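Participant: Dropping the sequence and predicted coords here.
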Amino acid sequence: MNVFKKVVLSGTPRERGVTYGRECAALIERTISDYTRYFDNRKNFSWSYVKEMAQKFIPAIEAFAPELMEEMRGIAEGANRSFDEILAVNCRSELLRFEGSHDGGASDECSCIGVMPERTKNGHVMTAQNWDMYYWAEEHGVVLEVLQEDGPDYFCLTEAGQLARYGMNQAGIGLAINSLPREIETDPIGVPSAVVRRKFISTGSWSECLDILFSIRHMAPMNFLVSNGNLQGDMMCLEAGAAGAQILYPEDGLLYHTNHFLSPGHLLHGRKGSSVNRYNTLRRLLKDKEQIGIEDMIAALNSTFGAPESVLNQRNPRDKEIEQCATLACFIIDATERRFWVRKGNIRENPFIEYKWTRPDKIFAVWR
């Protein structure tokens, strides 16, 4: 199918998890099967070792977001899987970094764009991203809509069994993310980013959302492109690691990011060719456009300049099959109108699907 399944979650954390696990049991089985195959094919690694390592993250998760630990237990129950499998899936970004490579696989992952109202055709705060990862993870994808009584409802695009990767909420807050290379201090054991992302998207206060990103020692370096569609809007990139974060603000109403550090003080080395190419492609295609529409953002994210490791990422036959990366999805967030579109895969002709709110009456009830 060319569309990601949507699942609506509500109730207590445990109830949300049970629904998620039950509704996505087949997808979760595939997620676990593929990561088992991947880790069992890595030198000095195994899925058993990954599950064992994931247990060390439990105290940090419990202290940061006990409700999300409870939801993960519910996912395991609903999907009839072990809790350690679900925990490992939610720690996979960090566990991939434990392999000892300098870049930790970050060189071929994700390209994102942010545009402020002064540069958009519709005067809205807009973000868009290509989600790049191992090609086989495309069939893990799912869109979650979480209904909250004590906060904004929100959408998450993620891998089945995970809490979150990207998304937006009814308070007009959006989240796009790029991995960054292991060139700064990282915390070997802490709160995995899937938990941090979900906590961020579920929060209705802009200041509290930002505080979440500043409040932890990030286990794996990440760039968070965050946006807010209220009033005149806001947007920034936070390049975060264990020692803290550096902030990048829009220039002439635009932000772009790929998978290398843009903040001062970082020299590039290692496998950065793909990231540098993708960043400059986005810059060249958008910087001179006086007004940018959704179609311009899509055209930039569809670029195959420098293929196979282009903005629209293609599988590189020179890499081992199990390590070949590709664009898994493209998503667009209109933070001003609270709209969320997702296209599955890296085929330009695949449709963009707008995922609609179950409770649209809540959108502007509190958060303006």
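Facilitator: Thanks, I have the structure now.
Participant: what's the helix or strand for the residue in the chain sticking out farthest from the centre?
Facilitator: Within the chain, the residue lying farthest from the chain centre (C-alpha atoms, centre = their mean) is residue 290, at 28.6 Å. For residue 290, there is no enclosing helix or strand under DSSP states H and E.
Participant: how near is residue 79 to residue 176?
Facilitator: The gap separating residue 79 from residue 176 is 28 Å, by C-beta to C-beta, to the nearest Å. (Glycine included, C-beta is placed from N, CA and C.)
Participant: my bad, residue 49
Facilitator: Using C-beta to C-beta, which is the criterion applied here, residue 49 is 31 Å from residue 176.
Participant: do residue 29 as well
Facilitator: On the measure of C-beta to C-beta, residue 29 and residue 176 end up 28 Å apart.
Participant: which one of these two has more residues nearby?
Facilitator: residue 176 (28 against 16; other C-beta atoms under 10 Å).
Participant: Parallel or antiparallel, list what pairs with the helix or strand where the more buried one lies.
Facilitator: Element membership for residue 176, per DSSP H and E: strand 173-179. Take DSSP bridges as the rule and strand 173-179 pairs in its sheet with strand 166-169 (antiparallel), strand 222-228 (antiparallel).
Participant: from the middle of its chain, how far away would that strand be?
Facilitator: Distance, stretch centre to chain centre, for strand 173-179: 6 Å (C-alpha atoms, centre = their mean, to the nearest Å).
Participant: any idea which helix or strand comes after that strand?
Facilitator: Following strand 173-179 in sequence, per DSSP H and E, is helix 193-201.
Participant: Determine the next helix or strand in the C-terminal direction from that next one.
Facilitator: Using DSSP H and E, the helix or strand that directly follows helix 193-201 along the chain is helix 206-214.
Participant: quick one: average pLDDT of stretch 175-190?
Facilitator: When pLDDT is averaged over stretch 175-190, the result is 77.
Participant: and the residue lying closest to residue 346 once chain neighbours are set aside, what helix or strand is that in?
Facilitator: Nearest non-adjacent residue to residue 346, counting by C-beta to C-beta, 6 or more residues apart in numbering: residue 327, 3.7 Å away. Per DSSP H and E, residue 327 falls inside strand 325-334.
Participant: Give the other helices and strands that that strand contacts.
Facilitator: strand 126-134, strand 173-179, helix 294-301, strand 339-344 (3 or more C-beta pairs under 8 Å, 6 or more residues apart in numbering; DSSP states H and E).
Participant: Dump those into TSV; add distance to residue 150 as well.
Facilitator: Listed next are the helices and strands packed on strand 325-334 as TSV, based on distance: least, C-beta to C-beta, whole Å:
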stretch	distance to residue 150
strand 126-134	26
strand 173-179	16
helix 294-301	33
strand 339-344	21
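Participant: And the helices in the stretch 1-150 of the chain, which stretches?
Facilitator: Along the stretch 1-150 of the chain, counting by DSSP state H, counting those that start in this stretch, helices occupy 13-23, 25-40, 47-54, 58-64, 66-79, 83-90, 92-97.
Participant: What are the contacting residues of the second one?
Facilitator: Going back to what we said before, that points to helix 25-40. Contact partners of helix 25-40, identified using C-beta atoms under 8 Å, 6 or more residues apart in numbering, comprise 5, 21, 45-47, 49-50, 75, 78-81, 85-86, 88-89, 92, 95, 134, 136-137, 139-140, 142, 159-162, 322.
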